[in-house]
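# model the following, please.
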Amino acid sequence: MSSVVWTGATSHVGAILKNPDAAPERSGELHAAWDRMAAEIRGARLDALVVVATDHYETFRLEHYPTFCLGLADEYEGWGEFGNPAGVVRGAPAFSAGVLAGLMERGFDVSRSHEMPLDHSFMVPLVKLNLLDVPVTPLFLNCNTPPLPSLRRCHDLGVAVRDVVAGFPGELRVGVLGTGGVSHWVGLPRFGDVNEEWDRRFLALLGDGRLEEILEWSDDDILDQAGNGALEIRTWILTQGASGGPAGRLLGYQPMPEWSIGIGVMAMGERA
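Numbers count the residues shown, from 1 in each chain. I've put the predicted structure just below:
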């Protein structure tokens, strides 16, 4: 039977690639964590990878802004905005169409795109983890334009993704990678700040399987304590729902004010 065999989440800030050697005493640990994550993904022998990320008004603008959108293309082009990665990403159109149909049957009215260029929230992790040759299904999640989907709705969508994959014929091996967060303030006076205490609390709760505590958080509290960029933890929560497991394994965390963000790297669920 088909199944989700690997899940994990990481930050996606462009500085990961554009300024990789900043604060080597801290960034070195993160590069090692990404190497471990990349090795796990390779070891999982994936047939398809669902990448859960947001968009920064490159693909989706206010004239057409979905809550969730699934890509159905044969391939996807990276925007290459502001010096972030361009290039072409392989798609998984038949798999993506099946996921879309399954989610619709389960009550999730997910939009679809047959083009869907990808900004740095997708491209940076794919390049950093050397995954451009893996067939990808991009799943956009609105993390920045209110009204946002609730944290619980995002988790439930992740559970539905796992259930849909389990219903596929054959023995497809599927991964789910969430990208975004953790604490950072985008375009605000506190740009460059990091709330290390908040980051470590969030990561510890996920690692301990205490997701219910996170699902009770309000967006106002997240904004106040960890910035508008921290609203991207929705991608982590969706991925945790898809993992089928109660907890995560922290591969690395460092506060990186040099990159204007706190960086987390976590694998979730059972190791393949």
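
# chain center to stretch 142-161: distance?
Relative to its chain's centre, stretch 142-161 lies at 12 Å (Cα atoms, centre = their mean, to the nearest Å).

# mind listing what's buried along the helix ranked longest in the chain?
The longest helix of the chain (DSSP state H) is helix 24-43. By 16 or more other Cβ atoms under 10 Å, the buried positions in helix 24-43 come out as Arg26, Ser27, Leu30, Ala33, Trp34, Asp35, Met37, Glu40, Ile41. From N, CA and C alone the C-beta is placed, and that goes for glycine too.

# which elements pack onto whichever helix or strand comes after it?
On the C-terminal side of helix 24-43, the nearest following helix or strand under DSSP states H and E is strand 48-53. Strand 48-53 sits against helix 120-128, strand 136-141, strand 173-179, helix 233-243, with contacts defined as 3 or more Cβ pairs under 8 Å, 6 or more residues apart in numbering; DSSP states H and E.

# okay, the second one in PDB with CA atoms only?
In PDB, the C-alpha atoms belonging to strand 136-141 read as follows (Å, rounded to 0.1, in the frame of the first residue of the first chain):
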ATOM      1  CA  VAL A 136       7.300  17.500  -6.400                       C
ATOM      2  CA  THR A 137       3.700  18.400  -5.600                       C
ATOM      3  CA  PRO A 138       3.600  22.000  -4.300                       C
ATOM      4  CA  LEU A 139       0.900  22.800  -1.700                       C
ATOM      5  CA  PHE A 140       0.500  26.500  -1.100                       C
ATOM      6  CA  LEU A 141      -0.900  27.600   2.300                       C
END
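
# could I get the average pLDDT for it?
Mean per-residue pLDDT for strand 136-141: 98.

# ditto for the longest one
For helix 233-243, the per-residue pLDDT values average out at 98.

# any idea which helix or strand comes after that helix?
Helix 233-243 is succeeded, C-terminally, by strand 248-256 (DSSP H and E).

# quick one: mean pLDDT for the helix or strand just after that following strand?
As assigned by DSSP H and E, the chain's next helix or strand after strand 248-256 is strand 261-268. Mean pLDDT, strand 261-268: 98.

# strands paired with strand 261-268, and their directions?
Paired neighbours of strand 261-268 in the sheet (DSSP bridges): strand 3-10 (antiparallel), strand 248-256 (antiparallel).

# closest one to Ala15 among the helices and strands packed on strand 48-53?
Among the helices and strands packed on strand 48-53, helix 120-128 comes nearest to Ala15, with 9.0 Å by Cβ to Cβ.

# what are the buried residues along stretch 163-183?
Neighbour-count burial for stretch 163-183, counted by 16+ other Cβ under 10 Å, picks out 164-165, 168, 172-183.

# so where is the stretch 51-200 of the chain shaky, pLDDT-wise?
Applying pLDDT under 70 to the stretch 51-200 of the chain flags no residue at all.

# which residues of the stretch 51-200 of the chain fall in helices?
With DSSP state H, counting those that start in this stretch as the criterion, the stretch 51-200 of the chain has helices at 93-105, 120-128, 151-166, 196-207.

# just give me the residue right at the centre of this protein.
Gly178 (1.9 Å; Cα atoms, centre = their mean).

# I'd say that residue and Thr235 touch.
Yes: with contact defined as Cβ atoms under 8 Å, Gly178 reaches Thr235; the gap is 3.8 Å.

# shared neighbours of those two, which are they?
Residues within reach of Gly178 and of Thr235 at once, by Cβ atoms under 8 Å, 6 or more residues apart in numbering, are Ala9, Val52, Ala53.

# count the neighbours of the first one for me.
Meaning Ala9. 32 (other Cβ atoms under 10 Å).

# thank you kindly, that will do.
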